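Engineer: just coords:
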């Protein structure tokens, strides 16, 4: 589906009568039938409602830039017509009255909601049943596990995700799809279950940069982001190996170096950025998340403490116990780190860096490490990962591009151009 | 009730067995019986559940610093045991599954929830039925209308409110109570209906600075804020007349000058601050709110557009239509204004300024003007208003104190000292 029907083209073709929304949905449902039993991307499929919505698109006026195209929604976004459980037994059977902002805006633009996708527990660390479509013995990453896997398996062309530490970029990289975390605040969080308010960001996973941008742009009401134009001229690229380069697998390091070389060959200026020497920042970011999460889940802690996973319960207990003095240390440390990260952009426009330590790890009891993600969730600027190669085990590897907060349009334009360059090494989107 | 049972003392006295939670609740219910038919502060009273909670406090262990004391909750915070309608017919009869973070933390500390208080429509501009207890022909202010009125009428000693433009500080001033808007982010917004995410802030209204601080400190999990100590030494006070001084009523201007003089007499250094010449900032703040609100209420706009008030519908339509170019102008203008406001604090530690243009206006069809509030909601620092005098019509007037973001503890300590100074001019809290 992905190759024949990218999101924007699909909407155009439906609007032009070349294909019907119903046909497109049935293709998606065939992919679901073929893959879902192995991949477990969905918490619930909304087949009847999706068929009704597609039929309405086929008989009614063109609703908008997503007219008739099926998408999937991570189960931390409220949906008025589908249960929303945030990955927790505490919320099993919960049926919100309203759609989250992103969902309402996507529907208003014509999107057909195929179902809700698996999230880790409250978008934190404890995984659900989803497997990686490229190798079901491996994690798809998290917390946007189901959205990454559904796109990778070709069940939908694009899906909503959220990121607080690394929950869009890492699963996208592990599953060989494009992940886009917009600047903090670009997509409204109304109707999204909070985890850590200072960092929670809604975004998209898709087969292409254009599709990730289109869905995010619609959800943000930002038409300037919805249709990025591949940059004419290269901005200065900063190759950023970070304080954790040694923790990256050799194949991941080689893939990033290869992308840098590919960009140089195309005429880009690529500068080496020194690591900012802030190895302590990931631990502080984790503490700040624990502090905010302890407050965000105050009701769950009080009402149903035993229905929290032991890991999350421990994190929340630790967060709740933080002293004012420790908070001061944490937030002032994070402010210092943010200043150092901002300063990287004095030497470049766009940073090129790993999206994850490497390929998706074996096993489904974890979702991999956000080591290469926390700093960018802290900075609050746009991040985008796109597939750029394969590991020796044949698993996808990604390349992450990052810009300063607010520079989403230029990041997307640049990413569209990078996508063309790396297409030779491109991992086909559909894996299953 | 307010004079005999300030919040902190009440919890101590209940814990010490000097008074029971049940007795305290019955006093509150007598005040409700005496006043609610005129004041209309509550959307719903939770009498049976409150009696059960008070009885549990009287027979069980001491739960925390709010043990057994009745409070009220603005109806934009979710409550698991009470309907939550956000001031809109669209949400009539809605019963959330969970408590908002602030509510859950207050309950865990022993608070007894007496009921939900009237908010304007979605905490924006269209008022509910609440009157000002000092003169029922006048607005109580908004959007935290019911919380301000319930405290002013002595029905509860403290209540939760929220502010996006001026929704805590202005109604507190109009009703002659203390209003405290903490720094942005101090109290978690989980379970609070969003209006404009970049500015929405939870806070408290109470009879005294100590009570406002206690409830906010508990709701934030910040014990350093819960028990402010009156500052030993005066910080430098900046008397800030703003770009809108001429719009303030003569009695309000005189009240602020009198507080400044009172502080000088007590040995404080009070410096005059020049207005920053940003008269355009209020309009930009209003535009930014409209932009964010259009996204926050995307579902309401799509699902039940005719159940929005005409005024809110118009604002949301305007917000939704903003172009990327206009957004750039708005957000960059706000960033410039924020820098100018921050620079005021190079000459002082605390700003003294009006909380409102003057006394509560006549009529219940509006909630007064946020002219003196928007800049501080933009700055994101703590604001506190306390009663400091009366207008010629006998209505309360307040004085607002403001600090830089994060300086909540020092603002509260300073406010406790100011409260002592102005007690001679103090309007007794209970009005009805």
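Structural biologist: On my side now, so go ahead. Note that this is a predicted model, so its numbers are computed, not measured.

Engineer: how close does the residue minimising distance to the centre of chain A get to residue A:126?
Structural biologist: Closest residue to the average C-alpha location of chain A: residue A:168 at 2.4 Å, with C-alpha atoms, centre = their mean. For residue A:168, the distance to residue A:126 (C-beta to C-beta, to the nearest Å) stands at 18 Å. No exception for glycine: its C-beta is placed from N, CA and C like everyone else's.

Engineer: for residue A:259, same thing?
Structural biologist: Between residue A:259 and residue A:126 the computed distance is 33 Å (C-beta to C-beta).

Engineer: if I look at residue A:343, how far off is chain B?
Structural biologist: 19 Å (C-beta to the nearest C-beta, to the nearest Å).

Engineer: nope, residue A:382 is what I was after
Structural biologist: Here residue A:382 is placed at a distance of 15 Å from chain B (C-beta to the nearest C-beta).

Engineer: thought that residue was touching residue A:413?
Structural biologist: No. The criterion here is C-beta atoms under 8 Å, and residue A:382 misses it with residue A:413 at 11.3 Å.

Engineer: which of the two has more neighbours?
Structural biologist: residue A:382 (30 against 17; other C-beta atoms under 10 Å in any protein chain shown).

Engineer: what's that one in contact with, if anything?
Structural biologist: Contacts for residue A:382 (C-beta atoms under 8 Å, 6 or more residues apart in numbering or on different chains) come out as A:180-183, A:186, A:402-403, A:405, A:407-408, A:411-412.

Engineer: let's see 6 Å
Structural biologist: A:182-183, A:403, A:408, A:411 (C-beta atoms under 6 Å, 6 or more residues apart in numbering or on different chains).

Engineer: so which of these is the closest to residue B:233?
Structural biologist: Taking C-beta to C-beta as the measure, residue B:233 lies nearest residue A:183 of these, at 42.5 Å.

Engineer: just the buried residues of stretch A:294-305, please?
Structural biologist: A:294-301, A:303 (16 or more other C-beta atoms under 10 Å in any protein chain shown).

Engineer: no, scratch that, I was asking about stretch A:235-254
Structural biologist: A:235, A:237-245, A:248-249, A:251-253.

Engineer: please apply the same query to stretch A:130-149.
Structural biologist: Using 16+ other C-beta under 10 Å as the test for burial, stretch A:130-149 gives A:130-136, A:138-149.

Engineer: show me which residues of the stretch 201-350 of chain A sit near chain B.
Structural biologist: Residues of the stretch 201-350 of chain A that fall close to chain B, judged by C-beta under 6 Å from any C-beta of the partner chain: A:221, A:224, A:295-296, A:298-299, A:302, A:324.

Engineer: ok, which pair from the residues you listed is furthest apart?
Structural biologist: Greatest spatial distance among those (C-beta to C-beta): A:224 and A:302, at 43.5 Å.

Engineer: ok so, going back, now render the residues of the stretch 201-350 of chain A next to chain B as JSON lines, adding secondary structure.
Structural biologist: Formatted as JSON lines, these follow (DSSP: H, G, I helix; E, B strand; the rest coil):
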{"residue": "A:221", "secondary structure": "coil"}
{"residue": "A:224", "secondary structure": "helix"}
{"residue": "A:295", "secondary structure": "helix"}
{"residue": "A:296", "secondary structure": "helix"}
{"residue": "A:298", "secondary structure": "helix"}
{"residue": "A:299", "secondary structure": "helix"}
{"residue": "A:302", "secondary structure": "helix"}
{"residue": "A:324", "secondary structure": "helix"}
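
Engineer: tabulate these (a markdown table), appending pLDDT.
Structural biologist: What follows is those, written out as a markdown table (pLDDT from 0 to 100):
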| residue | pLDDT |
| --- | --- |
| A:221 | 95 |
| A:224 | 92 |
| A:295 | 98 |
| A:296 | 98 |
| A:298 | 98 |
| A:299 | 98 |
| A:302 | 97 |
| A:324 | 94 |
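
Engineer: hang on, the residue nearest to the centre of chain A packs against residue A:181?
Structural biologist: Yes. Judged on C-beta atoms under 6 Å, residue A:168 makes contact with residue A:181 at a distance of 4.7 Å.

Engineer: for those two, list the residues in contact with both.
Structural biologist: Joint contacts of residue A:168 and residue A:181 (C-beta under 6 Å, 6+ apart) are residue A:203.

Engineer: and residue A:259 and residue A:126? Which one has more around it.
Structural biologist: residue A:259 (26 against 19).

Engineer: hang on, that one is in a helix, isn't it?
Structural biologist: Yes. Counting by three-state DSSP, residue A:259 is found in a helix.

Engineer: which residue sits closest to it, ignoring its sequence neighbours?
Structural biologist: Nearest residue to residue A:259 in three dimensions, chain neighbours excluded: residue A:399, at 4.6 Å (C-beta to C-beta, 6 or more residues apart in numbering or on different chains).

Engineer: the one you found touches residue A:387, doesn't it?
Structural biologist: No. Using C-beta under 6 Å, residue A:399 is not in contact with residue A:387; the gap is 8.1 Å.

Engineer: where does the residue lying farthest from the centre of chain A land in three-state SS?
Structural biologist: Distance to the chain centre peaks in chain A at residue A:325, reaching 33.8 Å (criterion: C-alpha atoms, centre = their mean). Three-state assignment for residue A:325 (three-state DSSP): helix.

Engineer: same question, residue A:11
Structural biologist: With three-state DSSP as the criterion, residue A:11 reads helix.

Engineer: tell me which residues touch it, please.
Structural biologist: Per C-beta under 6 Å, 6+ apart, neighbours of residue A:11: A:65-67, A:69.

Engineer: now do stretch A:368-387: distance to the chain's middle.
Structural biologist: How far stretch A:368-387 lies from its chain's middle: 10 Å, per C-alpha atoms, centre = their mean, to the nearest Å.

Engineer: which residues in chain A form strands?
Structural biologist: Ranges of strands in chain A, per DSSP state E, are A:42-45, A:70-74, A:112-117, A:158-163, A:178-181, A:201-206, A:237-240, A:270-273, A:350-353, A:383-390, A:396-402.
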